[in-house]
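A.B. asks: I would like to see how this sequence folds:
(chains A, B, C and D)
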Amino acid sequence: MIDVLYFAWVRERIGLPRERLETGAATVADLVDELRAREERYAAAFSDLTSLRVALDQELASFDAPLAGVREVAFFPPMTGG
Amino acid sequence: MIDVLYFAWVRERIGLPRERLETGAATVADLVDELRAREERYAAAFSDLTSLRVALDQELASFDAPLAGVREVAFFPPMTGG
Amino acid sequence: MRVAVQSAPFDVGTEVSTFTAGVRGAGAVVSFTGLVRDEAGTLSGMEIEHYPGMTEKAIFGIVGEAVSRWSLVDALVIHRYGKLGPGEAIMMVATAAPHRGDAFAAAEFLMDYLKSRAPFWKKELGAGGEAWVAAKDADEDALKRW
Amino acid sequence: MRVAVQSAPFDVGTEVSTFTAGVRGAGAVVSFTGLVRDEAGTLSGMEIEHYPGMTEKAIFGIVGEAVSRWSLVDALVIHRYGKLGPGEAIMMVATAAPHRGDAFAAAEFLMDYLKSRAPFWKKELGAGGEAWVAAKDADEDALKRW
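C.D. replies: All right, here's what the predicted structure looks like:
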């Protein structure tokens, strides 16, 4: 089981801030493929990965990073703090 | 007649903050030569011009600047504000 | 070093005052404050979303990096989330160092990293609706100088 | 724009607060404060001499130059003269701009010029006597980047 979090317009497009999933995905990219296949709103949110960022257990990561041992995955647009 | 002002260690070395002088000096350098010739304390204060700055009527100037029309000359070390 | 991620407003003057009073041995204090711009009255406010937990972690990481790169006596980061009105302070950083070069560089470094590496997302609320602020290429490019 | 050359102490927090509250349209406020360093207790204070008349003129010139170079909403310079104790604020600058780059650059520019082009001279007062602070080559070199 893995916690998946969504922020900003990713959250709005998918329609929920977080969910708990059972997944066999080996990498972030595999997880994205699984999510895209679920429903149109996921396919829409993940249509362009260059406009998305991912964090694994609250550390920025790349989409080819492995998911082994990861408890929390978060997807969000580029950050706009400051 | 011209007002000559001294600041910081130039003032301390010469022993006064300002004086009013009659001078026929054409440039700042000429005025410096006149002052050096007056007394040892002036010679000491003006021994190394690279460690001095000059302002004419409250604007930074160079030692070869002409004195025509100038009412106030100030000599001081490099500034240390901020 | 202090990091605060909060929804409550803060008073810039009080924070700068307290920070400055506490920095023994510093000759230079730099502060930066980010404000909700009042775009000629078109903006009714801003809403800031963040990633609780990761936000604090990311900011502590950025501050730690600044401390290791420059000779800092102290550093402060305050960043708000939630709803803010025009003119309100969104965030601030303050740095204190023996000399001004370090204080300025560290403050600019903190700002550049907070802009693009701390998990905050701004949404502008206006008369014509609301819109997520897009990240600027210039902000990502700004990181390359460090 | 405000320039104050004064012997009276000022409160950094109050000044930053008032300045920030007054800047309509700014998204970024940067402040710099220069403090009398407390050199491990060896310094009993500082005495600052200045050139009345020229000081104000020079600072207004520097601020005018900053305003012409960067997109500034407002700028503030306060500089003290006379006797100051350890930890006391010697001077401050504040800049406000729509974006952070301009606010930072203008504040650093103002500081670099105030250091070497405004007629102030610092004397350190210590247990072992007093000594005029020597100008640093690095401060003169800092002007070359602008």
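A.B. asks: anything in the longest helix seen in chain A near chain C?
C.D. replies: Assignment by DSSP state H gives helix A:28-38 as the longest helix of chain A. No. Residues of helix A:28-38 contacting chain C under CB under 8 Å from any CB of the partner chain: none, with a closest distance of 15.8 Å. Heads up, the C-betas are built off the backbone N, CA and C, glycines and all.
A.B. asks: which parts of that helix are buried?
C.D. replies: A:28-32, A:35 (16 or more other CB atoms under 10 Å in any protein chain shown).
A.B. asks: and that helix, what does it pack onto?
C.D. replies: strand A:2-6, helix A:40-45 (3 or more CB pairs under 8 Å, 6 or more residues apart in numbering or on different chains; DSSP states H and E).
A.B. asks: change it to 7 Å
C.D. replies: In terms of contacts (3 or more CB pairs under 7 Å, 6 or more residues apart in numbering or on different chains; DSSP states H and E), helix A:28-38 is packed against helix A:40-45.
A.B. asks: do the helix it packs on and chain C meet at all?
C.D. replies: No. If you take CB under 7 Å from any CB of the partner chain as the test, helix A:40-45 misses chain C, and the best it gets is 13.2 Å.
A.B. asks: Quick one: residues contacting residue C:14.
C.D. replies: residue D:13 (CB atoms under 7 Å, 6 or more residues apart in numbering or on different chains).
A.B. asks: Give me the next element, helix or strand, following the helix or strand harbouring it.
C.D. replies: For residue C:14, the element it lies in under DSSP states H and E is helix C:12-21. Next helix or strand after helix C:12-21 toward the C-terminus (DSSP H and E): strand C:28-35.
A.B. asks: Would you mind listing what in chain C touches chain D?
C.D. replies: Residues of chain C found near chain D (CB under 7 Å from any CB) are C:11-14, C:16-17, C:20, C:24-35, C:37-38, C:98, C:100, C:104, C:108, C:111.
A.B. asks: just the buried members of these?
C.D. replies: Listed as buried from those are C:12-13, C:16-17, C:20, C:25-35, C:37-38, C:98, C:100, C:104, C:108, C:111; burial here means 16+ other CB under 10 Å.
A.B. asks: On the C-terminal side of the biggest helix by length in chain C, identify the next helix or strand.
C.D. replies: The longest helix of chain C (DSSP H) is helix C:100-117. Sequence-wise, the next helix or strand downstream of helix C:100-117 (DSSP H and E) is strand C:120-126.
A.B. asks: Would you mind listing the buried residues in that following strand?
C.D. replies: In strand C:120-126, counting by 16+ other CB under 10 Å, buried: C:120-125.
A.B. asks: got the angle for it vs helix C:100-117?
C.D. replies: Angle of strand C:120-126 versus helix C:100-117, following axes from the mean of the first three to the mean of the last three CA atoms, to 10 degrees, is 80 degrees.
A.B. asks: Tell me, how many residues neighbour residue A:5?
C.D. replies: Neighbour count of residue A:5, defined by other CB atoms under 10 Å in any protein chain shown: 21.
A.B. asks: OK, contacts around it?
C.D. replies: Contacts of residue A:5 by CB under 7 Å, 6+ apart are A:17-18, A:72, A:74.
A.B. asks: And those residues, which is closest to chain B?
C.D. replies: Nearest to chain B among these is residue A:74, at 44.9 Å by CB to the nearest CB.
A.B. asks: How much space separates the closest one from residue D:60?
C.D. replies: Per CB to CB, to the nearest Å, residue A:74 is found 52 Å from residue D:60.
A.B. asks: The two: who's more crowded?
C.D. replies: residue A:74 (24 against 13).
A.B. asks: right, and that one touches residue A:55 too?
C.D. replies: Yes. The pair residue A:74 and residue A:55 passes the contact test of CB atoms under 7 Å, sitting 4.4 Å apart.
A.B. asks: Where does pLDDT dip in the chain?
C.D. replies: Defaulting to chain A. Filtered on pLDDT under 70, chain A yields no residues whatsoever.
A.B. asks: let's do chain C instead
C.D. replies: Within chain C, no range satisfies pLDDT under 70.
A.B. asks: Can you name the residue of it nearest to chain B?
C.D. replies: Going by CB to the nearest CB, chain B is nearest to residue C:100 of chain C, at 7.5 Å.
A.B. asks: which one in chain C is furthest away from the centre?
C.D. replies: residue C:128 (27.6 Å; CA atoms, centre = their mean).
A.B. asks: now that one: how far from residue C:86?
C.D. replies: For residue C:128 relative to residue C:86 (CB to CB), the value is 15 Å.
A.B. asks: contacting residues around the residue of chain A found nearest chain D?
C.D. replies: For chain A, the residue closest to chain D is residue A:82, as judged by CB to the nearest CB, at 7.6 Å. Residues counted as contacts of residue A:82 (CB under 7 Å, 6+ apart) are C:34, C:91, C:111, C:114-115.
A.B. asks: what do you get for residue C:91?
C.D. replies: Residues near residue C:91 by CB under 7 Å, 6+ apart: A:82, C:34, C:78-80.
A.B. asks: before we move on, which element is it in?
C.D. replies: Following DSSP H and E, one finds residue C:91 within strand C:89-97.
A.B. asks: now residue C:76
C.D. replies: Using DSSP H and E, residue C:76 sits within strand C:74-80.
A.B. asks: Report the angle between that strand and strand C:89-97.
C.D. replies: Going by the same axes, to 10 degrees, strand C:74-80 makes 170 degrees with strand C:89-97.
A.B. asks: ok, strand C:74-80: who's next to it in the sheet?
C.D. replies: Take DSSP bridges as the rule and strand C:74-80 pairs in its sheet with strand C:2-6 (parallel), strand C:89-97 (antiparallel).
A.B. asks: Just the angle for it relative to helix C:12-21, thanks.
C.D. replies: Using the same axes, to 10 degrees: strand C:74-80 against helix C:12-21 is 160 degrees.
A.B. asks: hmm, who's touching strand C:74-80?
C.D. replies: Taking contacts as CB under 7 Å, 6+ apart, the residues outside strand C:74-80 that touch it are A:81, C:1-7, C:10, C:15, C:19, C:22-23, C:48, C:59, C:63, C:66-67, C:90-96, C:106, C:110, C:120.
A.B. asks: Next secondary structure element downstream of that strand?
C.D. replies: Next along the chain after strand C:74-80, taking DSSP H and E as the criterion, comes strand C:82-84.
A.B. asks: Good, we can wrap up now.
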